[in-house]
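Engineer: Output the structure for:
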Amino acid sequence: MPKPTPKPKSKTASKSSMQTRRNAVYLLDQVLGEGRLLSELIASGALERLEPQERARAQRLATETLRGLERADRLLQKHLQKYPPLTVRNVLRLATLELCQGGAAHGVVNDAVEIVSRNKRTAGMKGLVNAVLRKVVAQGEDAWNLLRVPRLPKWLRGPLVQAYGPETMMAIEAAHFAGAPLDLTVKGGAAALAETVGGVVLPTGSVRIADAGQVSGLPGFEAGEWWVQDAAAAIPARVLNAQAGEHVLDLCAAPGGKTMQVAASGATVTAVDDNPARMERVRENLKRTQLKAELVVGDVMAQKGSYDAILLDAPCSATGTMRRHPDLPHAKDGSEFGDLIGMQSWMLDHALSLLKPGGRLVFCTCSLLPDEGEVQVEEALERHNDVRVDRTALEVPGIEPEWITEEGGLRLRPDYWSELGGMDGFYVACLRKDG
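Structural biologist: Down below sits the predicted model:
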């Protein structure tokens, strides 16, 4: 019996596909040409004209292209005598990624040519785009898979190789290239939720879902039973181990994952952040999860009071989150690291001044750089004779002994739990003030 003839794609669907790809190219232009972060672009409404599904796809295409940028460039350089303008390069990169991931050649190539044709500055290169992509199609998907795992830019790779060695660096890069599954922090029973959503319970108690789809459509979202939070990001609050009746200060609190963890313990929480828009997200998340915290929009350094426990998630390079944010190493160049390190020291000193005698402070950063973690704690101990590291706080289910560092902190890396999908890079330490 002959197979039925497939229905041709409608003009509306074809136009939608082209618009999605066009917007993905715009995102790439902004990241690679203007040094902007995807999160900032999305928050500013860069894709607001797209339908939610198209917006998500455009963001996913841009993210995956950035993740595989080195491979795309290596395949394209074989067919280019010189690099074309950035927008054309990004059209080629995006199309190459799709073709090498099994995208339908006809639709991908036609949309790429159409995107270039619509811009007066690039219209003259539509023939080049068509010819180059036809050659990529002829190479086949195997050419992509034979290339090495993409490496981080030299400005970042150098310091990380110095910190961890070349073998570990390659394992970290493999974790970045693999991307990140979705992790949830659960108010109640993690096992029950994992069974409901088809996920697994990680050793530290988070629920991990490999292919989540639309987050807001997952069971328990509307009821506020959980929130999205990488498993590594959930560990600092577990180390703090807030107790009912304690007064806890959460500094640099937005977007609020740790605030909700502390609030769920029954502690009285004051959450501080200087970004009004991000604090509005905290407010919305607290409302959805039916948890309570006092929210303060203001400068961390202006805070006063005396607290039983403090959680300081200090502003940092965010180099530990690159498996979820592959735009970061391309949008930044490391020039701001010095200022961030200085800010972390000031915030840590001020936070310690707000801690009651006998109280504890968890300092953490989502960074892979020792200067933003291990070194900060070592130097803080030198500045404060009445503060010590509390190693017993790290006795949290799921924490491996080899993750504990010489000075008594916790070093988390993307290559840990590689068989489970990795984790974000984080540094966590618990400091206790003498009573």
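
Engineer: Could you use CA atoms for every contact and neighbour count after this?
Structural biologist: OK.

Engineer: Parallel or antiparallel, list what pairs with the longest strand along the chain.
Structural biologist: Longest strand of the chain, by residue count under DSSP state E: strand 355-365. If you go by DSSP bridges, strand 355-365 pairs up with strand 307-313 (parallel), strand 426-433 (antiparallel).

Engineer: buried ones in the last one?
Structural biologist: In terms of neighbour count (16 or more other Cα atoms under 10 Å), strand 426-433 has its buried residues at F426, Y427, V428, A429, C430, L431, R432, K433.

Engineer: ok, residues contacting it?
Structural biologist: The contact list for strand 426-433, computed with Cα atoms under 8 Å, 6 or more residues apart in numbering, reads 232-233, 236, 239-240, 320, 352, 355-368, 373-374, 377, 386-391, 393-394, 408-413.

Engineer: Residues contacting the longest strand of the chain, please?
Structural biologist: 236-237, 239-240, 306-316, 318, 348, 351-352, 372-373, 426-435.

Engineer: Repeat that for stretch 403-421.
Structural biologist: Contacts of stretch 403-421 with the rest of the structure, by Cα under 8 Å, 6+ apart, involve 168, 171-172, 174-176, 178, 180-181, 232, 320, 323, 368, 374, 377-378, 389-391, 394, 422-430.

Engineer: do the same with stretch 158-174
Structural biologist: In contact with stretch 158-174 (Cα under 8 Å, 6+ apart) are residues V149, P150, R151, L152, R157, L368, L369, P370, R413, P414, D415.

Engineer: Of the residues you listed, which pair is most distant in space?
Structural biologist: Spanning the widest gap among the contacts of stretch 158-174 are V149 and P370, at 24.2 Å by Cα to Cα.

Engineer: In terms of neighbours, single out the busier of these two.
Structural biologist: V149 (19 against 16; other Cα atoms under 10 Å).

Engineer: Look at that one and give its secondary structure.
Structural biologist: Reduced to three states with DSSP: H, G, I helix; E, B strand; the rest coil, the structure at V149 is coil.

Engineer: Now do the residue nearest to it when sequence neighbours are not counted: how many residues are near it, please.
Structural biologist: Nearest residue to V149, sequence neighbours excluded (Cα to Cα, 6 or more residues apart in numbering): A174, at 6.2 Å. A total of 20 residues lie near A174 under the criterion other Cα under 10 Å.

Engineer: Kindly report the same for E70.
Structural biologist: Count around E70 with other Cα under 10 Å applied: 19.

Engineer: repeat for E406
Structural biologist: With other Cα under 10 Å as criterion, E406 counts 9.

Engineer: and it, what helix or strand is that in?
Structural biologist: Per DSSP states H and E: E406 is located in neither a helix nor a strand.

Engineer: mind listing what V116 touches?
Structural biologist: Counted by Cα under 8 Å, 6+ apart, V116 has contacts V88, V91, T122, A123, M125, K126.

Engineer: Which stretches in the protein count as strands?
Structural biologist: Going by DSSP E, the chain shows strands at 182-186, 200-201, 207-209, 226-228, 247-251, 268-273, 294-297, 307-313, 355-365, 387-389, 410-412, 426-433.

Engineer: so where is this structure shaky, pLDDT-wise?
Structural biologist: Confidence mapping of the chain against pLDDT under 70 gives the ranges 1-15.

Engineer: separation between L312 and G305?
Structural biologist: From L312 across to G305, the span is 15 Å (Cα to Cα, to the nearest Å).

Engineer: just H325 next, same as before
Structural biologist: From H325 to G305 the distance is 36 Å (Cα to Cα).

Engineer: ok, these two, which is more surrounded?
Structural biologist: Per other Cα under 10 Å, whichever of H325 and G305 has more neighbours is H325, with 21 against 9.

Engineer: Can you mark which positions in the lengthiest helix in the chain are buried?
Structural biologist: For the chain, the helix that runs over the most residues, judged by DSSP state H, is helix 11-34. For helix 11-34, burial by neighbour count (16+ other Cα under 10 Å) applies to 17-32.

Engineer: same deal with stretch 133-150?
Structural biologist: Buried residues in stretch 133-150 (16+ other Cα under 10 Å): L133, V136, V137, E141, W144, V149, P150.

Engineer: Pull the residues that contact it.
Structural biologist: So stretch 133-150 is contacted by 67-72, 75-76, 79, 92, 95-96, 99-102, 105, 109, 173-174, 177 (Cα under 8 Å, 6+ apart).

Engineer: give me that answer again for 6 Å
Structural biologist: E70, C100 (Cα atoms under 6 Å, 6 or more residues apart in numbering).

Engineer: Numbering from 36 from now on, please.
Structural biologist: Happy to do that; since the first residue is 36 now, the last one works out to stretch 168-185.

Engineer: Any idea how far apart the tips of that stretch sit?
Structural biologist: 21 Å.

Engineer: to the chain's geometric centre, what's the distance from that stretch?
Structural biologist: 27 Å (Cα atoms, centre = their mean, to the nearest Å).

Engineer: same question, stretch 201-213
Structural biologist: For stretch 201-213 - counting by Cα atoms, centre = their mean - the centre lies 16 Å from the chain centre.

Engineer: got the CA positions of it in CSV?
Structural biologist: Output in CSV follows, covering the C-alpha atoms of stretch 201-213 (Å, rounded to 0.1, in the frame of the first residue of the first chain):
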residue,chain,number,x,y,z
PRO,A,201,43.2,20.3,31.9
GLU,A,202,41.4,17.0,32.5
THR,A,203,38.8,18.5,34.8
MET,A,204,38.4,21.5,32.4
MET,A,205,37.5,19.1,29.6
ALA,A,206,35.0,17.4,31.9
ILE,A,207,33.4,20.8,32.8
GLU,A,208,33.2,21.7,29.1
ALA,A,209,31.5,18.4,28.3
ALA,A,210,28.9,19.2,31.0
HIS,A,211,28.4,22.6,29.5
PHE,A,212,27.9,21.2,26.0
ALA,A,213,25.4,18.7,27.3
